[in-house]
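>>> here is the input, now give the coordinates:
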Amino acid sequence: MFYCFLHLAARRNEIFALRWSDIHFNEKKIRLFTRKRKDGYTEYDWLPLTDFLFKEFKIHLDSRKNDLEYVFPNPRTHLPYVHRDKWMRRICLKANVPPFGLHAIRHLSASILMENDVPLIDIQTILRHKSISTTERYIHRLKSVRESISIFDKKVENLK
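The predicted structure follows:
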C-alpha cells in the first residue's frame, strides 16, 4: 500500500477504495477516483503504472487468499479502510523518522519529481490537480538552500 502512495502520489481514499477492476494489467495503467472537485462529483483519471508498481501489484494479486474486490481491504471487515493512522505511526517508528500522515507522501512524491527535473505540468497531471498553483504548493525543497547558493562561491573563485 505504501508504494501506491509514493508511486502514484495518490490521495488516501483513492488507495483505500482501489478495486482490482481499476487496475488494467494488459495496458499497465490504473484508474484513480476522486471527489476533490468543486462540486464534489466523482471523477477518475488513468495513470500509467511504474514497472516497479506493476510487479508489486502482480505479486499482491497472486498472493491473495480470496476473491475480494478491493486491493487493500481491511482484513476484519473486507471493506476499504477508513484510516490507517497506527499503521503509518508504526512505519515511521520503524524507520526512525518523526511520524507523518499519508498526505505528506503526496507532497514528497511531488518534490521528488521536481528534484528530478520533471516538468511542473507533468507533476500537475500526476497529482491530478486542476490548477497549477495547487501543484506549486505541493513542491518542497529537498536540497538545502546552502547547496543552492554555493554556486556563488564557484563564481567568485572563477573571478579570481
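>>> where does residue 75 sit, in terms of helix or strand?
Assigned by DSSP states H and E, residue 75 belongs to no helix or strand.
>>> where along this protein do the strands fall?
Along the chain, counting by DSSP state E, strands occupy 23-24, 29-34, 43-48.
>>> what helices or strands is the second one leaning on?
Counting contacts by 3 or more Cβ pairs under 8 Å, 6 or more residues apart in numbering; DSSP states H and E, strand 29-34 packs against helix 12-16, strand 23-24, strand 43-48. Just so you know, the C-beta spots here come from the backbone N, C-alpha and C atoms, and that holds for glycine as well.
>>> any idea which of these is most buried?
Comparing the helices and strands packed on strand 29-34 by mean neighbour count (mean count of other Cβ atoms under 10 Å), helix 12-16 ranks first with a mean of 20.
>>> what helices or strands is that helix leaning on?
Using 3+ Cβ pairs under 8 Å, 6+ apart, the elements in contact with helix 12-16 are helix 2-8, strand 29-34.
>>> list the buried residues in the first one.
By that I understand helix 2-8. By neighbour count on 16 or more other Cβ atoms under 10 Å, the buried set for helix 2-8 is 4, 5, 6, 7, 8.
>>> could you dump that helix to CSV, C-alpha only?
The C-alpha trace of helix 2-8 is given here as CSV (Å, rounded to 0.1, in the frame of the first residue of the first chain):
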residue,chain,number,x,y,z
PHE,A,2,2.8,2.4,0.9
TYR,A,3,4.3,2.1,-2.6
CYS,A,4,1.0,3.1,-4.1
PHE,A,5,1.0,6.3,-2.2
LEU,A,6,4.6,7.1,-3.3
HIS,A,7,4.5,6.0,-6.9
LEU,A,8,1.0,7.4,-7.7
